[in-house]
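Novice: Here is my input; please provide its structure:
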Amino acid sequence: MPTFHQILTLARVPNIPTVWSNILMAWTLAGGTGWPGLPAALIGGTLLYAGGCTLNDACDARWDRAHKPERLIPTGAMTERAVWTLGLMEMGCGLLLMILANPRTWFLPLGLAVAILAYDYRHKETPWSVIVMGACRALLVLAAAGAAGAWLDVRVLTAAAVVWCYIIGLSLLARRESRPGGGLLRVLRPQWSVGRWVEEMLAAIPLVDAALLFAKGTGQACLACVVAGTGGAQGMALICLLLWPLCRLLQQKYAAT
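Specialist: Below you'll find the predicted structure:
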């Protein structure tokens, strides 16, 4: 049985708060209120992300043995079979929960799951995989909005497009993460490697979501109202802002990529 630490390592736990912020942003822009749709979307989206990251390690086992021997499968801490089993269980449970959040939009979480699996299976073989990676996050936004019942809202579609473009840029940068920073990156932060920039941009995803909420929404900036599901965009943006330092904190203990 994998340990809790191993499960969190495979799930790239520093990035989990960015999943929450994507879902909170989408839910709010779609006008979602109340329970249990939001918890189902949050837990389901978290498990889909964790399962996708876990299966990524399973698919990359051969490559990791040659290039990242510190990961769990190359070190022998976990077997490929155990990682496959864990990842598929997480994906299955996550998909079920997101569908249950709103069965009428079942095709959105299903599309998200398919995109995640497609990325995991082929991302080492094609340069176009960055587009699929961006699509995974955009579909997460749409699936969360679908759980709230209004995924075709223009604000949701705009937010999904912004997130898609941000993740594509981040993914292109991540392909150079083992190199020193250059060009504009070196001017901005001479001491940072590309890998450090990738970590910072990952942690900043909640800031992107907060900016979208501040730009596109209205409502009370009240934490109690947010918990009750009636806080509006400004209140939810505050929650997203709080998730940024949480990402940074978790990066100190777990790898984000």
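Novice: helices or strands up against the helix or strand residue 46 falls within?
Specialist: Assigning secondary structure by DSSP states H and E places residue 46 in helix 37-59. Counting contacts by 3 or more Cβ pairs under 8 Å, 6 or more residues apart in numbering; DSSP states H and E, helix 37-59 packs against helix 4-10, helix 16-29, helix 72-75, helix 80-101, helix 107-122, helix 129-148. (Each C-beta comes from the backbone N, C-alpha and C, glycine too.)
Novice: Same list, the ones you listed, but as JSON lines with distance to residue 215 please.
Specialist: Conversion of these to JSON lines gives the following (distance: least, Cβ to Cβ, whole Å):
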{"stretch": "helix 4-10", "distance to residue 215": "33"}
{"stretch": "helix 16-29", "distance to residue 215": "10"}
{"stretch": "helix 72-75", "distance to residue 215": "40"}
{"stretch": "helix 80-101", "distance to residue 215": "26"}
{"stretch": "helix 107-122", "distance to residue 215": "23"}
{"stretch": "helix 129-148", "distance to residue 215": "15"}
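Novice: Go through those helices and pick out the most buried.
Specialist: Of all the helices and strands packed on helix 37-59, helix 16-29 carries the top mean neighbour count, a mean of 27, counting by mean count of other Cβ atoms under 10 Å.
Novice: residues touching the closest residue to residue 93 other than its chain neighbours, list them.
Specialist: The shortest distance from residue 93 to any non-neighbouring residue, by Cβ to Cβ, 6 or more residues apart in numbering, is to residue 47 (5.1 Å). Residue 47 is in contact with 90, 91, 93, 94, 97, counting by Cβ atoms under 8 Å, 6 or more residues apart in numbering.
Novice: what residue ranges in the stretch 1-150 of the chain are flagged as low confidence?
Specialist: 34, 123-125 (pLDDT under 70).
Novice: ok, back up a step: dump the contacts of residue 47 into CSV; add distance to residue 205 as well.
Specialist: CSV is the format used below for these (distance: Cβ to Cβ, whole Å):
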residue, distance to residue 205
90, 20
91, 21
93, 23
94, 19
97, 21
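Novice: Relative to residue 10, which of those is nearest.
Specialist: Distance to residue 10 across these (Cβ to Cβ) is lowest for residue 90, with 9.1 Å.
Novice: The closest one contacts residue 58, correct?
Specialist: No. Between residue 90 and residue 58 there is no contact under Cβ atoms under 8 Å: 11.6 Å.
Novice: So for residue 234, which of the helices and strands packed on helix 37-59 sits nearest?
Specialist: Relative to residue 234, the nearest member of those by Cβ to Cβ is helix 16-29, separated by 9.5 Å.
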